[in-house]
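In: pasting the sequence and the predicted coordinates here, then a few questions.
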Amino acid sequence: QSAALLARRRKSFAKPQKNYYADPPQIERGWKEHMFDVTGRSYLDMVNNVTILGHGHPKLARAAGRQWSLLNTNSRFHYAAVAEFSDRLASLAPEGLDTVFLVNSGSEAVDLALRLAWARSGARNIVSLLEAYHGWTVASDAVSTSIADNPRALETRPGWVHPVTAPNTYRGPFRGPASTADYVASVAKALDEIEQAGEGLAGFICESVYGNAGGIPLPPGYLAEVYGMVRARGGVCIADEVQVGYGRLGHHFWGFDQQGVVPDIITIAKGMGNGQPLGAVITSREIADALENEGYFFSSAGGSPVSCVVGMTVLDIMRDEALQENARDTGDYLKSRLEALGQRFPLVGAVHGMGLYLGLEFVRDRETLEPATEETAGICDRLLDLGVIMQPTGDHLNVLKIKPPLCLSRESADFFAEMLEKVLADGW
Ligand code: PMP
C-alpha cells in the first residue's frame, strides 16, 4: 500500500518538491518529538524545525478548531485577533520595532522585507551572504546563494544582489573567532563597489547565526560593524530569523541577541505557526510606512483570524511549557553528548550551534576539513533504520541538521546520541 501510494505521489506530485529519502516511511501521525508510520513504528523527529511545540499538540488543535468554526477571513476586516497578535509580536521585538506585517511563509516575509528596503532607500542593491538560503519566491530566491539548494544560484542571480564571503569561522577562508575584520572587509568591498558604480544601497540581509552550514555563530562583533557600515550608506539591516529566531537557540529568543545588535527589519515564520502557514515582518513604523507610497499591501490569508489565534496559542504554550528554557537545557546537554562522540570518532569534525539548533559536521580529515559527504548520507540512511529522522545540510551536505521540536526530552536526546554512536561504531 505504501509503495503504491509513493508511486502515485511520484506520478502526480511535482518532482522538484522532493522527499529526502529514496524509500521513505509513510507517516500517519505525530506526537511531541515522535512520528509514527502506518505500521505503528515510531521515529524520533530530529529535523523538523517547524513544529516547535512538537506534533499533535491538543491545545493548539482545539484553539485552531474553535476559531475555524467561529470565523476565518482576511485583514481587510476588523477583528480582535489581528490587533492582539500584532501587538504581541511587537512586544517580543526590541524597542523601536513596533510594527508588524502578517504573511504566510518565510519566503513571503523575506520578499516583503526586501520590498521595504527598496521602498525606504529608493535604491535596489542588496548585500547578502554567500551560501545562504532565504526562500523560494523570486526575490528571496535571488538573495539565496546556497549551491546545495540551487546549483546554478550564483550564475542566475540578478545584478542587484551582491554576495559577500560567508563568515564561516570553521571552514571559511578565515578561521576562528579572530576573523571578524577579514569578513567585515568583504562587506566593505561590496559596499565600495556599489558606490563606485554610482548606485545606492538598499540593504543587507543575513541570518544572525550562519544557518546553512549548521548554526555556526558569526564572529564576535561582525553584525555591529556590518550594520554600522550599511546604515552609514543609507541601507537597512534585515535579520532573517525564520529559522534561528523564536526561542530555538535557547539562550536567546532572537539570533541577533547573540551579537548584541538590533536590526531594522526582522523576518519570522516556521515555528511561529507550528506548521500552520504563518510568517511576519517586524519593523519600525517609519520603514513600514515607506510602502504606503507604492499603494497598499494585502495578503489574502496573512493575518487571518485562524492564523492569529494559532500564533498566539503557540506563544502561550511556549511560555507555559517553558520551551525556550528546554531548548537551552536539553540543547546544551545534547551538545555535550555529541562533543563526547567527537573524542571517540575522528569523523566528527565539529559540533556547531547552541540550544536546539545544532549542526554536527563530518570531515575525512580534521586538518584539511575534507567534507565527508557520502558518509553523512550513509549515516542518515542508517539512522532511519534505527528509528531516527535526520538529514544533511550545508553546501557539502556533510552536516547533520539537528533541529528537533523544542519539547525534546532528555530521554530522546539520549536516544539520538546513542543511535548515532551505534552507527559511528558499527559502520553504515
Ligand atoms: N529564510 C530562512 C533562513 C529559511 O531557513 C527558510 C526556510 N528554510 C526561509 C527563509 C523560507 O521559508 P518558507 O519555506 O516558509 O518560505
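Out: Now that the structure is in, tell me what you want to look at.
In: can we go C-alpha only for contacts and neighbour counts from here?
Out: OK.
In: OK, contacts around Pro24?
Out: Under the criterion of CA atoms under 8 Å, 6 or more residues apart in numbering, Pro24 has no contact partners.
In: phi, psi of it?
Out: Torsion angles at Pro24 (phi, psi; degrees, to the nearest 10) stand at phi -80, psi 150.
In: now do Thr99
Out: phi -130, psi 130.
In: that one touches Ile266, doesn't it?
Out: No: the pair Thr99 and Ile266 does not pass the contact test of CA atoms under 8 Å, sitting 10.5 Å apart.
In: looking at these two, which one has more neighbours?
Out: Set side by side, Thr99 and Ile266 show more neighbours around Ile266, with 28 against 21, by other CA atoms under 10 Å.
In: would you mind listing what in the chain touches the ligand?
Out: Applying CA under 6 Å from any ligand atom, we find that the chain lies next to the ligand at Ser105, Gly106, Ser107, Tyr133, His134, Gly135, Asp240, Val242, Gln243, Ala269, Lys270.
In: look up the closest residue to the fourth one, ignoring the ones flanking it.
Out: What it means is Tyr133. Ser144 (4.6 Å; CA to CA, 6 or more residues apart in numbering).
In: how many neighbouring residues does the one you found have?
Out: Burial of Ser144, expressed as a neighbour count using other CA under 10 Å, amounts to 25.
In: got a markdown table for the residues of the chain next to the ligand, with pLDDT, secondary structure and neighbour count too?
Out: Output for those, formatted as a markdown table (pLDDT from 0 to 100; DSSP: H, G, I helix; E, B strand; the rest coil; neighbours: other CA atoms under 10 Å):
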| residue | pLDDT | secondary structure | neighbour count |
| --- | --- | --- | --- |
| Ser105 | 98 | coil | 22 |
| Gly106 | 98 | helix | 27 |
| Ser107 | 98 | helix | 24 |
| Tyr133 | 92 | coil | 25 |
| His134 | 96 | coil | 28 |
| Gly135 | 95 | coil | 21 |
| Asp240 | 98 | strand | 28 |
| Val242 | 97 | coil | 27 |
| Gln243 | 95 | coil | 27 |
| Ala269 | 98 | coil | 30 |
| Lys270 | 97 | helix | 25 |
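In: could the residues you listed go into JSON lines alongside distance to Leu323?
Out: Converted to JSON lines, those look like this (distance: CA to CA, whole Å):
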{"residue": "Ser105", "distance to Leu323": "22"}
{"residue": "Gly106", "distance to Leu323": "22"}
{"residue": "Ser107", "distance to Leu323": "25"}
{"residue": "Tyr133", "distance to Leu323": "26"}
{"residue": "His134", "distance to Leu323": "25"}
{"residue": "Gly135", "distance to Leu323": "26"}
{"residue": "Asp240", "distance to Leu323": "21"}
{"residue": "Val242", "distance to Leu323": "17"}
{"residue": "Gln243", "distance to Leu323": "16"}
{"residue": "Ala269", "distance to Leu323": "17"}
{"residue": "Lys270", "distance to Leu323": "16"}
